[in-house]
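Fold the following for me, if possible:
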Amino acid sequence: MKVLVTGAAGFIGSNFVRRTLALRPDVSVIALDALTYAGRLSNLAGLAEAFAGRYEFVQGDIRDAALVDSLVGRVDAVVHFAAESHNDNSLKDARPFIETNVLGTFELIQAAVKHDVRFHHVSTDEVFGDLPLEGGERFNRVTPYRPSSPYSASKASSDHLVRAWVRSFGLRATISNCSNNYGPYQHEEKLIPRTILLAASGVKPKVYGAGVNVRDWIHVDDHNDGVWAVLERGVIGETYLLGADGERSNLQVVGAVLAALGLPDDFLEFVGDRPGHDLRYAIDASATVAELGWQPAFGAFETGLPAVVDWYVSQLRAGAYSPEVLGRLGVSGLSTSI
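Have a look, this model is predicted:
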């Protein structure tokens, strides 16, 4: 089986490629990435040598119709991770989110229909908007869409395009909406890597507002195992929610990172909240578990987090982050206490 993975040099995509090649010897991968913003070729380092003959990297844009058509015509399935995905950036300039997340998805599904290729679209729980902080309500596959940022609106648009192409053009597609991921190879501006890098360098990490906003956390490997479960056993046209019952407030997440680093829980700084900050996300993955037999393996968030913290600290110590990258975060060096 040959799979085209879009966004393959990003956080979740690179973990998917690495895990697929390591655990599925019958699968070969074409890794496609434009290497803009969060896509880094270093996230895929060593794969060409370790998996010669099963791995190919292509630098290119999913909006390039000719390139997309040529690649989709060579594979059995497409797993579509590629997306502009940083909420804060979408509030500053929405255009790249519309162009990549909507128009790029359009080019991919056009090619998938033409070549009759299985298509899996990776989406987010942010398309559903947010939930009250209190109460047990959770998102499910029939929750109405209420996106609240240009990013989530662009992902909602791409979800609807996929569904329309399934119904109107026979696209053999599934969709998964996942909660917040944590793990290695994530862009340093995201909450968990940023908190680790700042705190490990002796700089107090920043927390929006009062830190009460809640996200539902899942280890990236659990997410990617879920993607494979959907790809192999999912029903065409169906949507599957992937989550691990990992609801934690932002303050709890920062506190867990500080604890893993051996730092006091007040080693942080509260800053003004961002515009349109969603209150709470929570995924009900029970239908996915029942229908596909998929189960998150990492357990509680606090169980999986320490190894992730260790990975980022080791990267920091090894000089994996350039002075420019660290400077943008406000990091000047590694704390002698870590």
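
which other helices and strands contact the lengthiest helix in the chain?
The longest helix of the chain (DSSP state H) is helix 150-169. Other helices and strands packing on helix 150-169, by 3 or more CB pairs under 8 Å, 6 or more residues apart in numbering; DSSP states H and E, are helix 87-92, helix 95-97, helix 105-115, strand 118-124, strand 173-178. (Each C-beta comes from the backbone N, C-alpha and C, glycine too.)

contacting residues around it?
Applying CB atoms under 8 Å, 6 or more residues apart in numbering, the contact partners of helix 150-169 are 83-87, 89-91, 94, 97-98, 100-102, 105-106, 109, 113, 119, 121, 123-124, 126-127, 129, 145, 147, 171-173, 175, 177, 236-237, 239.

Could you identify the buried members of those residues?
Buried by 16 or more other CB atoms under 10 Å: 83-87, 89-90, 94, 97-98, 100-102, 105-106, 109, 113, 119, 121, 123-124, 126-127, 129, 147, 171-173, 175, 177, 239, out of the contacts of helix 150-169.

Kindly state the beta-bridge partners for the closest residue to Val58 other than its chain neighbours.
Excluding the flanking residues, the one nearest Val58 by CB to CB, 6 or more residues apart in numbering is Leu32, at 5.0 Å. In this entry, Leu32 is beta-bridged to Thr6, Val58, by DSSP bridges.

what's around Leu32, how many residues?
30 (other CB atoms under 10 Å).

all strands of the stretch 201-338 of the chain, in order?
Secondary structure of the stretch 201-338 of the chain (DSSP state E, counting those that start in this stretch): strands at 206-208, 214-219, 239-242, 247-249, 269-271.

Next, the buried residues of stretch 158-174.
So stretch 158-174, judged by 16+ other CB under 10 Å, has buried residues Ser158, Asp159, Leu161, Val162, Arg163, Trp165, Val166, Leu171, Arg172, Ala173, Thr174.

Then stretch 236-249?
Across stretch 236-249, burial judged by 16+ other CB under 10 Å covers Glu238, Thr239, Tyr240, Leu241, Leu242, Gly243, Ala244, Asp245, Gly246, Glu247, Arg248, Ser249.

now it: how far from the chain's centre is it?
12 Å (CA atoms, centre = their mean, to the nearest Å).

Quick one: mean pLDDT over that stretch.
Stretch 236-249 carries an average pLDDT of 97.

for it, how far is the first residue from the last?
By CA to CA, to the nearest Å, the extent of stretch 236-249 from end to end equals 35 Å.

Same check on stretch 128-137?
Per CA to CA, stretch 128-137 runs 12 Å from first to last residue.

Show residues contacting that stretch.
By CB under 8 Å, 6+ apart, stretch 128-137 touches 138-139, 143-148, 152, 177, 212, 214, 278-282.

which residues sit in contact with the closest residue to Arg63 other than its chain neighbours?
Taking CB to CB, 6+ apart, and ignoring the residues beside it in sequence, Arg63 has Gly104 as its nearest neighbour in space, at 4.9 Å. Counting by CB under 8 Å, 6+ apart, Gly104 touches Thr6, Asp61, Ile62, Arg63, Ala82.

So how do I select the buried members of these in ChimeraX?
Paste this into ChimeraX to select the buried members of the contacts of Gly104, with burial taken from 16+ other CB under 10 Å:
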select :6,61,62,63,82
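
can you tell me which of the contacts of Gly104 lies nearest to Gly319?
Ala82 (28.6 Å; CB to CB).

Thank you, goodbye.
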